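Novice: Return a 3D structure for these sequence lines:
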Amino acid sequence: LDKNREGMKLNENTLLIGKLVNLIPYLKEHVETYHEWMKDPELLEMTCSEPLTLEEEYEMQKSWHEDDQKLTFILYDTETKKICGDVNLFKAMFEENAAEIEVMVAEKTSRRKGIAKEALTMIMKYGSDNLKIKKYIAKIIAKNKPSISLFKQLGFELSEYIEVFQTYDYVFEVKN
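Specialist: I've put the predicted structure just below:
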């Protein structure tokens, strides 16, 4: 780990080891698999994403890699030995020590196994310990009931509903 890196780029050479999932940096070699995931209309809808060309996906990976406001890890399922999704932190624009948080388990064979819960727990500990994050905000599309349930299980509380986007904001405040 290069201690001279600032902010969110701190994870550039970081591997977080869990029981169900390992969090690994999002590298160029992951882009083609990620691109295939993002062809799924359900994933696009649940993540509020737009389809990208493969070239645009490579550009996105590069920009995320270089952006010190974003922290992205790819999920590596320790059972299947395959990458299966991602987990992200984005520094909140108007709040100090706050970050938006999101997780996606794209591979259907890796869902409903506790991977998302473990990945969120790991990135929150990493964010709090290394980036001094005190508040996590999850923005979830209203119809994504599994995600809402997951964040509630982790202690996130409903903050607001944004009618125009049909999304809920759930917030978790780190206790000292």
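Novice: Sheet partners, orientation included, of the longest strand belonging to the chain?
Specialist: In the chain, assigned by DSSP state E, the strand with the most residues is strand 82-91. Strand pairing for strand 82-91, using DSSP bridges, gives strand 70-77 (antiparallel), strand 98-105 (antiparallel).
Novice: Next secondary structure after the last one?
Specialist: If I follow you right, that is strand 98-105. Of the helices and strands lying after strand 98-105 in sequence (DSSP states H and E), the nearest is helix 115-131.
Novice: name the helices or strands packed onto the next helix or strand after that following helix?
Specialist: Heading C-terminal from helix 115-131, the first helix or strand you meet, by DSSP H and E, is strand 135-141. Helices and strands touching strand 135-141, by 3 or more C-beta pairs under 8 Å, 6 or more residues apart in numbering; DSSP states H and E, are strand 98-105, helix 145-153, strand 167-173. In this view, the C-beta of every residue, glycine as well, is placed from N, C-alpha and C.
Novice: now the shortest one against helix 115-131, angle please.
Specialist: Spelled out, that is strand 167-173. Counting by axes from the mean of the first three to the mean of the last three C-alpha atoms, to 10 degrees, strand 167-173 lies at 50 degrees to helix 115-131.
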